[in-house]
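In: Any chance you can model this:
(chains A and B)
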Amino acid sequence: GQNIDQPTEMTATEGAIVQINCTYQTSGFNGLFWYQQHAGEAPTFLSYNVLDGLEEKGRFSSFLSRSKGYSYLLLKELQMKDSASYLCAVRDGAAGNKLTFGGGTRVLVKP
Amino acid sequence: DTEVTQTPKHLVMGMTNKKSLKCEQHMGHRAMYWYKQKAKKPPELMFVYSYEKLSINESVPSRFSPECPNSSLLNLHLHALQPEDSALYLCASSYGRAVVDTQYFGPGTRLTVL
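Out: As a prediction, this is how the structure comes out:
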């Protein structure tokens, strides 16, 4: 099975930086995804990591350390529209490449 | 076209009703997924179809019956549901055999069972 942990809530100020951590345990790691989900809407894909290191996409970056079972999503220059839940999801190659989601981190951006 | 569409957006049904949720994509994806999401919880996988064949059933009760008529369409047939089945039902699709194989989600059907 899998165990994916991320903080429940975080609050940050507009223009600041927030780092959302995700730790996981899985037998057949085959990639880690970050999704953004606004309330009542579908998750939208943000980033993917399968090798160690940092992936940068504009204001969003994601980091992976496979040996530590650890990832983070970094949101820079926060905007009010970044208030959403951020879901860490791990793909398990030993389970048909099934995607399992963490509980999600609700980020509230304040003016 | 990079969109997954779902109908209806909202559905209210009684416990004796039979209804169906529909999902469609035209991205050439060959894997399609049904997820259930309760409020303030992450999506939970229900079913996976790969190349129109059911490849994963996460021990879902038989009152939920998936169907994949072709590579673009995915249905979820509902019968004799319980109030606790009320949730957001999300459909997703992916290429199925790509290295990254990102799943793209539809907007969901919000289901209420009375």
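In: where in the chain is pLDDT low?
Out: Just so you know, I chose chain A. A:1-2 (pLDDT under 70).
In: if you could check chain B rather than the one you did, that'd help
Out: Applying pLDDT under 70 to chain B flags residues B:1-2.
In: So which bits of chain A are right by chain B?
Out: A:31, A:33, A:35, A:40-45, A:48, A:50, A:87, A:91, A:96-104 (Cβ under 8 Å from any Cβ of the partner chain). Yep, even glycine has a C-beta here, placed from its N, CA and C like the rest.
In: hmm, which of the residues you listed are the buried ones?
Out: The neighbour count (16 or more other Cβ atoms under 10 Å in any protein chain shown) marks A:31, A:33, A:35, A:42-43, A:45, A:48, A:87, A:91, A:97-104 as buried among those.
In: out of those, which are inside strands?
Out: Secondary structure from DSSP state E places A:31, A:33, A:35, A:45, A:48, A:87, A:91, A:98-101 of these in strands.
In: what's the closest of these to chain B?
Out: Chain B has its nearest neighbour among those in residue A:101, at 3.6 Å by Cβ to the nearest Cβ.
In: give the contact list for the closest residue to the closest one other than its chain neighbours.
Out: Distances taken as Cβ to Cβ, 6 or more residues apart in numbering or on different chains put residue B:42 closest to residue A:101, at 3.6 Å, once the chain neighbours are dropped. The contact partners of residue B:42, taken as Cβ atoms under 8 Å, 6 or more residues apart in numbering or on different chains, are A:87, A:101-104.
In: how near is residue B:42 to residue A:87?
Out: 6 Å (Cβ to Cβ, to the nearest Å).
In: shared neighbours of those two, which are they?
Out: Shared contacts of residue B:42 and residue A:87, counting by Cβ under 8 Å, 6+ apart, come down to A:101-102, A:104.
In: For chain B, what lies in contact range of chain A?
Out: Applying Cβ under 8 Å from any Cβ, we find that chain B lies next to chain A at B:40-45, B:48, B:55-56, B:88, B:90, B:99-108, B:110.
In: Which among those count as buried?
Out: Using 16+ other Cβ under 10 Å, the buried ones in the residues of chain B next to chain A are B:42-45, B:48, B:56, B:88, B:90, B:101-108, B:110.
In: Residue A:54 touches residue A:62, doesn't it?
Out: Yes. Contact status for residue A:54 versus residue A:62: in contact at 7.3 Å, counting by Cβ atoms under 8 Å.
In: Who has more neighbours out of those two?
Out: residue A:62 (23 against 11; other Cβ atoms under 10 Å in any protein chain shown).
In: doesn't that one fall inside a helix?
Out: No. Read with DSSP: H, G, I helix; E, B strand; the rest coil, residue A:62 is strand and lies in no helix.
In: ok so residue B:84 is a helix residue?
Out: Yes. According to three-state DSSP, residue B:84 belongs to a helix.
In: The residue most central in space within chain B: which element?
Out: For chain B, the residue nearest the mean C-alpha position is residue B:34 (2.9 Å; Cα atoms, centre = their mean). For residue B:34, the host element (DSSP states H and E) is strand B:31-37.
In: need the contact list for the residue nearest to the centre of chain B.
Out: For residue B:34, the contact set (Cβ under 8 Å, 6+ apart) comprises B:23, B:45-47, B:66, B:74, B:76, B:89-91.
In: Since that was my last question, I'll sign off now.
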